[in-house]
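Novice: here is a sequence with its predicted model. Questions after.
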Amino acid sequence: MQLLLIHSDYIEYETKKKTPVAEEIEPSLKRGGMEDALTAFVAVETYDEPDPDRTAQNAAAEIKKTAEQVKTGRIMLYPYAHLSSELAKPSVAVDILKQLEEILSHDYEVARAPFGWYKAFRISCKGHPLSELSRTIRLGEGAEGAEGAGRDRSGERGGEDERAKTDKKEIVSEALKSEEKAVSHWHILTTDGELLPTDEFDFAKHPDLKRFLDYEVSKSRAVDRIPPHVELMKRLELADYEPGSDSGNMRFYPKGTLVKRLLEDYVIDTVAKRGAVEVETPVMYDVNHPTLKKYLDRFPARQYSIESDKRSFFLRFAACFGQFLMNHDMTISHRNLPMKMIEMTRYSFRREQHGELVGLRRLRAFTMPDMHTLCSDMESAIAEFKDQYAMCMDVLADIGLADDYEVAIRFTRDFYTENRQFIEELVKIVDKPVLIELWDSRFFYFVIKFEFNYIDAMNKASALSTVQIDVENAERYDIKYTDKNGENLRPTILHCSPSGAIERCIYALLEKAYLTSESGAVPSLPTWLSPTQVRLIPVAERHLKYAEEILGALVGVRVDIDDREETVGKRIRAAGREWIPYVVVIGDREVESGVLSVTVRSESRKVEETAQELRNRVASVTAGMPYRQINLPVMLSRRAVFFG
RNA sequence: GCCGCUGUGGCUUAGCUCGGUAAAGCGGCUGAUUCGUAAUCAGCAGAUCGUGGGUUCGAAUCCCACCGGCGGCUCCA
């Protein structure tokens, strides 16, 4: 709720015209006023909807406090929508206003201007120092906090944080917030194990860490420019906005779909090698399910909801629900632990604020690998955590982002005290200083988490990989395993997204490529992700047949043939604009000699090699990574244009 | 809700100040060219200029309302 409090000599209003949301009023209320009163302009917001009673109580307390300070016994409640951009439903707003009136009327003379009318009003402000005040009343952490430290800290797993936060936090008014707020302490932990306050650390050699810190702590401002990757995703025919859907729901063209599938394959393969099993769970859940209901009621605005046949569902924002419900029904022995389960959530849904949606960086529907590991106890959870931390490093390196992220580790003070050495080890493993956020007490469902954050050209940080140790949800979902004494115990649960959202990986790769081109080098995608790996350009029609032979020889490589009737120069240029790593021009010379002239994009030079050598070259740079065949007609003349 | 920016062929944009029903490049199609490492030449098709009103003999252009997109918006105004 937003409050604007004005100590006024007088306030008068007159209703003019109804709006569609107007409350019915008696004629006597059509005009009104009050002398020597505290006028409270009120905007009820969506944040207030989960708990109107508490909102009214907190607001009343705030108004009383001010009324006492300015020593007035009269209060005018005046609904004023223009104080907020996140207005609550009118019914809730009226309810809260009436409650406020009721509460305040015990101690004050209270008048209330009608809701939902265009009103003319005159007010005279006394003008002394306390005569103009504004207040924000928030359930939970509060607007400023929500935009700041809490935002995006878990990357694509953030929704879970949000719920936990509200669980733990009481309704807090602006005045009390500073005392009750989850206090974050920011530090840098160096590779030598030194925990330094951020202002004592020398960032000279770590500019990206500095940018990350700035983003986290001081929240850099939005930049009013289309992010580079948005243009690239379109131009490379990877993905695009879909005007026929809700914002933040993308369409993926064939090339983008291929890239996405390859990344998905890679993540699934990687965790499967470490024993994870793949599952699939529903995308929507009953809002009235007993285990889920109490959390969801609190965040109606953040989910997509679906009405179907008198029942209400919400769209999942991670795979936790489905997997935990599955775990709940399973019979699990200590012999099965640690037990890993992964789902490539297509999709996870989050109704992010409009202003936050950008290209592939932040979406309302996104694909996230979500793995949960049940561990017998904290000790085993810590061992797993370390394992998965190292795995995430490998994953980002394989994806092509080896040196492109900054690390944040966040934990409670208790956890730190007990596991100091473990945390220092984590820093040694990445071998660079790490941003530390330390909480005095646990406000979330986890005791420790880390993320690897990509920092883009506009200084925006986005979480990719993350792992958290969850000490609450086993209880909440009643998940248990049987130990060797036949006793039922609660497992400790790890949440892990090895790569973070797949779309976000693509975003990071494109942003990185953009930076590369800005610095004067050639931008590209890793070869294993390139939609076309080898482009064959037959000089004239008579070379086409030979080109097809070469294509046949390049087994296990994504090859296509630009058979369009265009000049060689033009087709070379087209291949370059598509970032194709290897371009082969095939003419009389090649047909005669059997040797190919291969332009290697990454080295900007030509090499002479046979088809077999080229095949080996591609195989060696893509070794160990997934392969899928080309996802478009091999002949370019057969391809339609998807964009532009 | 308020403020700002914005909406012209598939794409990128010009035209809008000072009204005369639309221009270019890319892409597409047709034809010529069969070509050796970042754009061959010529022609054709393709736009009720976001929507609805208004002013006017005449509106992409001026006015009003609405819709969509992007960004911003409390306590100093």
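Specialist: Happy to help now that I have it. Numbering: from 1, shown residues only, chains lettered A, B, ... in the order given.
Novice: what's the longest strand in chain A?
Specialist: strand A:2-18 (DSSP state E).
Novice: mind listing the helices for the stretch 1-150 of chain A?
Specialist: A:52-70, A:90-104, A:143-147 (DSSP state H, counting those that start in this stretch).
Novice: in TSV, list these along with mean neighbour count, distance to RNA strand B and mean pLDDT.
Specialist: In this view, the C-beta of every residue, glycine as well, is placed from N, C-alpha and C. Converted to TSV, the helices of the stretch 1-150 of chain A look like this (neighbours: other C-beta atoms under 10 Å; distance: least, C-beta to the nearest atom of the strand, whole Å; pLDDT from 0 to 100):
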stretch	mean neighbour count	distance to RNA strand B	mean pLDDT
helix A:52-70	19	11	83
helix A:90-104	19	12	84
helix A:143-147	16	5	28
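Novice: distance to residue A:216 for these - can I get that in TSV?
Specialist: Below are the helices of the stretch 1-150 of chain A laid out as TSV (distance: least, C-beta to C-beta, whole Å):
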stretch	distance to residue A:216
helix A:52-70	29
helix A:90-104	33
helix A:143-147	12
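Novice: figure out which of those helices is closest to residue A:411.
Specialist: helix A:143-147 (18.8 Å; C-beta to C-beta).
Novice: so how far is residue A:311 from residue A:258?
Specialist: Separation of residue A:258 from residue A:311 (C-beta to C-beta, to the nearest Å) stands at 38 Å.
Novice: so between these two, which is more surrounded?
Specialist: Legend: neighbour count by other C-beta atoms under 10 Å for residue A:258 and residue A:311, higher for residue A:258 (22 against 10).
Novice: and that one, which of the three is it?
Specialist: helix (DSSP: H, G, I helix; E, B strand; the rest coil).
Novice: mind checking pLDDT for it?
Specialist: pLDDT, residue A:258: 96.
Novice: do residue A:458 as well
Specialist: Here the pLDDT value assigned to residue A:458 is 71.
Novice: please report the distance of it from residue A:228.
Specialist: For residue A:458, the distance to residue A:228 - C-beta to C-beta - is 9 Å.
Novice: who has more neighbours out of these two?
Specialist: Shown here are residue A:458 and residue A:228; by other C-beta under 10 Å, residue A:228 has more neighbours (22 against 17).
Novice: quick check: which element contains the nearest residue to the more buried one once chain neighbours are set aside?
Specialist: The spatial neighbour of residue A:228 that comes closest, neighbours along the chain excluded (C-beta to C-beta, 6 or more residues apart in numbering), is residue A:514 at 3.8 Å. Following DSSP states H and E, one finds residue A:514 within helix A:502-518.
Novice: residue A:626 too?
Specialist: Using DSSP H and E, residue A:626 maps to neither a helix nor a strand.
Novice: phi first, then psi, for it.
Specialist: Per-residue torsions, residue A:626: phi -60, psi 160 (degrees, to the nearest 10).
Novice: and the pLDDT for it?
Specialist: Listed pLDDT for residue A:626 reads 97.
Novice: count of residues packed around it?
Specialist: 17.
Novice: quick one: contacts for it?
Specialist: By C-beta atoms under 8 Å, 6 or more residues apart in numbering, the contact set of residue A:626 is A:262, A:265, A:266, A:269, A:528.
Novice: right, is the helix holding residue A:514 up against RNA strand B?
Specialist: No. Helix A:502-518 stays clear of RNA strand B (C-beta under 7 Å from any atom of the strand), getting no nearer than 9.6 Å.
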